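Participant: Mind folding the following:
(chains A and B)
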Amino acid sequence: MMPINAKITKIVDETPSIKTFFLDLTLDNKPGQFVMVWIREVDEIPMSPSYSNAITVQKVGDATSALFKLKKGDSVGIRGPIGNGFTLSGKSILLIAGGVGAAPLAPLVEVAGGKKIKVKTLLGAKTASELLFVKRFRSAGDLQTATDDGSDGHKGPVTELLDELDLRGYDQIYSCGPEKMMSRVLEMVKGANMASKTQFSLQRYIKCGMGICGTCSIDPSGLRVCVDGPVFSGETLIDSEFGRYARDASGRKVRL
Amino acid sequence: MDLRTDVGGLRLKNPTILAAGVLGTSAASLKRVAQHGAGAVTTKSTGVSPREGHPGPVLIKTEHGFLNAMGLPNPSYHEFVRELEAAKGDVPVIASIFGSNAKEFEEVALGLNKASPDAFELNLSCPHAEGYGMTLGTDPQKVKEITEIVKNAVDVPVWVKLPPLMNIVEVGLAAQEGGADAVVAINTIPAMVIDVESGYPVLGNKVGGLSGAAIKPVALRCVYELYAALNIDVIGVGGVSSWKDAIEFIMAGASAVEIGSAIYDNINVFRNISKGIAQFLEKRQRTLDDMRGVAQK
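Facilitator: Model prediction:
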């Protein structure tokens, strides 16, 4: 598919490091699917929509820095939606989100709310001002927060909040955030025999977004994050590269 | 039906091979393709030093086929040798290599040879990385020299992948003179696509290579002419997505086919094509050898 031209209609500062770019088109995606965003003359990068017409981005590298320089009225190219997305099931679900990883989970809880599914969210960030989409998660159900500096909610990693919960009490668990965080979630759901009922959204270097180049293939299954994922069951990730290493643009293994 | 095929010094269980540059960056990915029925798999092209490749977009699907400008991303042979070693075991693994001159080709071949690949494929045809690939593959003298140096450096078969240019037969003959065990034709065709909304070329590198159904007739013509002119095996690649495509290439003279873009639709393409070829041959009570080159009239 060719990139579709999308004009930026509004830019919202969500946190000091995260902005939402609203576009003049409907992305028509399932929560957890992603789009390739072409910042002309710079690069094309994968982004999970945070609304049906918006992407929420953290400034992390050249492409996101270039995106942050764009203004209302500027345009980008969009291909997608791509990948499998989250599968919503059960009557009671738990979400563990860290940092900008909350972006694809916020639309998920809104869909869940519409289906009368009970939602509990654990949301973590470095500090209070970096907690993303607090209002959206709170209005969809129960929300507990955690910050590294203790400026809001529990002081420490968001995964520590899991210690107090009976994971088997949930029909399905969803997680998106830094891989170290998700890796800890995997350990805990594995211990609770819930790995097959937990869905993780993975981040890998995605180049083609069509399942052809193989850059985002994970070890040892060879599954492609872009088209076989980006959402994988915890069971698929046990004893994999997940939590240990990823590959960079050249294909070199980089320890997490 | 027995589809075992001897091609370019290798024996394959069937004549479908994963093309270079597709799902070939890790051992796990290559093994997954092997498990989906490929008779052999080719790695992503590897060079002397790490390259990140071109900025995106690196691959675009158009109504005419795919355009890519990956830009030869690779972690260097120093790093890739471990992946290559781990990729072995299921089906023959062909190491695709590139360099800017004969010495670099030799260095990469010697480096990867430690992992004992089943064959080498020399990338003398990538159309979108300046100073590499096609830049060398248009020059018969250089092709002969590079083939010779790699052939002398390793004991396994050496295949040469050719660019689809007007002098392809001349270049194929140069590869043969250099000692190649087979030629592979063709690589992608230089091409581009422009976004009319913004006026920008879509590919990050502006120009890339066209693959998929659109280039099949071009590839067939190249295979047909190479088969007629050369004594070594010809491997067909370019737009193969069905058993009919594969049979067309075999009738033109191909010993086997490589498959790339078609995995977009289905990673089972290797198994499906083998099944289709087997049914076609069974119905006619013919073997692959009987069919090879029958279109050479």
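
Participant: Going toward the C-terminus from the helix or strand of chain B with the lowest mean pLDDT, what's the next helix or strand?
Facilitator: When each helix and strand of chain B is scored by mean pLDDT, DSSP states H and E, helix B:134-137 comes last, with a mean of 88. Next helix or strand after helix B:134-137 toward the C-terminus (DSSP states H and E): helix B:140-153.

Participant: Tell me the confidence at the nearest residue to A:Met181 once chain neighbours are set aside?
Facilitator: Closest residue to A:Met181 apart from its sequence neighbours, by Cβ to Cβ, 6 or more residues apart in numbering or on different chains: A:Gly98 at 4.4 Å. Every C-beta, even on glycine, is put in place using the N, C-alpha and C of the backbone. Listed pLDDT for A:Gly98 reads 98.

Participant: check contacts around A:Gly98.
Facilitator: A:Leu123, A:Gly124, A:Ala125, A:Val158, A:Cys176, A:Gly177, A:Pro178, A:Met181, A:Met182 (Cβ atoms under 8 Å, 6 or more residues apart in numbering or on different chains).

Participant: farthest-separated two in these?
Facilitator: The distance between the two most remote of the contacts of A:Gly98 (Cβ to Cβ) is 14.9 Å, for A:Ala125 and A:Met182.

Participant: Look at the two and report which has more neighbours.
Facilitator: Shown here are A:Ala125 and A:Met182; by other Cβ atoms under 10 Å in any protein chain shown, A:Ala125 has more neighbours (29 against 25).

Participant: Surely the more buried one and A:Leu132 touch.
Facilitator: Yes: using Cβ atoms under 8 Å, A:Ala125 makes contact with A:Leu132 at a distance of 6.9 Å.

Participant: Need the residues touching each of the two.
Facilitator: A:Thr15, A:Gly99.

Participant: quick one: the strands in the stretch 51-200 of chain B?
Facilitator: Ranges of strands in the stretch 51-200 of chain B, per DSSP state E, counting those that start in this stretch, are B:59-62, B:65-68, B:93-97, B:119-123, B:158-162, B:182-185, B:189-192.

Participant: Just the mean pLDDT for the last one, thanks.
Facilitator: This predicted structure assigns strand B:189-192 an average pLDDT of 96.

Participant: Okay, and the residue lying closest to A:Thr236 once chain neighbours are set aside sits in which element?
Facilitator: Closest residue in space to A:Thr236, ignoring its immediate chain neighbours: A:Ser221 at 6.7 Å, by Cβ to Cβ, 6+ apart. Using DSSP H and E, A:Ser221 sits within no helix or strand.

Participant: I figured A:Ser221 hits B:Ser26, correct?
Facilitator: No: using Cβ under 8 Å, A:Ser221 is not in contact with B:Ser26; the gap is 10.6 Å.

Participant: Comparing those two, which residue is more hemmed in?
Facilitator: Ranked by neighbour count (other Cβ under 10 Å), A:Ser221 and B:Ser26 place B:Ser26 first, with 28 against 17.

Participant: Inside strands: which ones of the contacts of A:Gly98?
Facilitator: Here DSSP state E is the test, and these give A:Leu123, A:Gly124, A:Ala125, A:Cys176 as lying in strands.

Participant: hey, what's the last one bridged with?
Facilitator: Counting by DSSP bridges, A:Cys176 is bridged to A:Ala97.

Participant: again with the second one
Facilitator: With DSSP bridges applied, the residues forming beta bridges to A:Gly124 are A:Gly98, A:Ala146.

Participant: Can you show me the helices along the chain?
Facilitator: Since no chain was named, I'll use chain A. Applying DSSP state H to chain A gives helices spanning A:62-68, A:102-114, A:134-140, A:179-191, A:234-237.

Participant: think we crossed wires, I meant chain B
Facilitator: B:27-35, B:77-87, B:102-113, B:134-137, B:140-153, B:168-177, B:216-229, B:243-252, B:269-284, B:288-291.

Participant: buried sites along the last one?
Facilitator: When neighbours are counted by 16 or more other Cβ atoms under 10 Å in any protein chain shown, the buried residues of helix B:288-291 are found to be B:Leu288, B:Met291.

Participant: quick one on the thing from earlier: so which of the helices of chain B is nearest A:Met2?
Facilitator: helix B:216-229 (21.7 Å).

Participant: Averaged pLDDT, that closest one. What do you get?
Facilitator: In the prediction, helix B:216-229 has an average pLDDT of 98.

Participant: related to what we said a few turns ago, point out the most buried one among the helices of chain A.
Facilitator: Ranked by mean neighbour count, those are led by helix A:102-114 with a mean of 23 (mean count of other Cβ atoms under 10 Å in any protein chain shown).

Participant: residue in the stretch 101-250 of chain A nearest to chain B?
Facilitator: Here the stretch 101-250 of chain A gets closest to chain B at one residue, A:Gly222, 3.2 Å apart by Cβ to the nearest Cβ.

Participant: Read off the pLDDT value for the nearest residue to that residue once chain neighbours are set aside.
Facilitator: Excluding its sequence neighbours, the residue lying closest to A:Gly222 (Cβ to Cβ, 6+ apart) is B:Arg32, at 3.2 Å. For B:Arg32, the model assigns a pLDDT of 97.

Participant: got it, and B:Met166?
Facilitator: At B:Met166, pLDDT is 87.

Participant: so which of the strands of the stretch 51-200 of chain B comes closest to chain A?
Facilitator: Set against chain A and scored by Cβ to the nearest Cβ, these come closest in strand B:59-62, at 3.8 Å.

Participant: Pull the contacting residues for the residue nearest to A:Thr236.
Facilitator: A:Thr236, A:Ser240, B:Ala28, B:Arg32.

Participant: what does B:Leu122 give?
Facilitator: Going by Cβ under 8 Å, 6+ apart, B:Leu122 touches B:Ser96, B:Ile97, B:Phe98, B:Phe105, B:Ile146, B:Thr147, B:Val150, B:Val158, B:Trp159, B:Val160, B:Lys161, B:Ala180.
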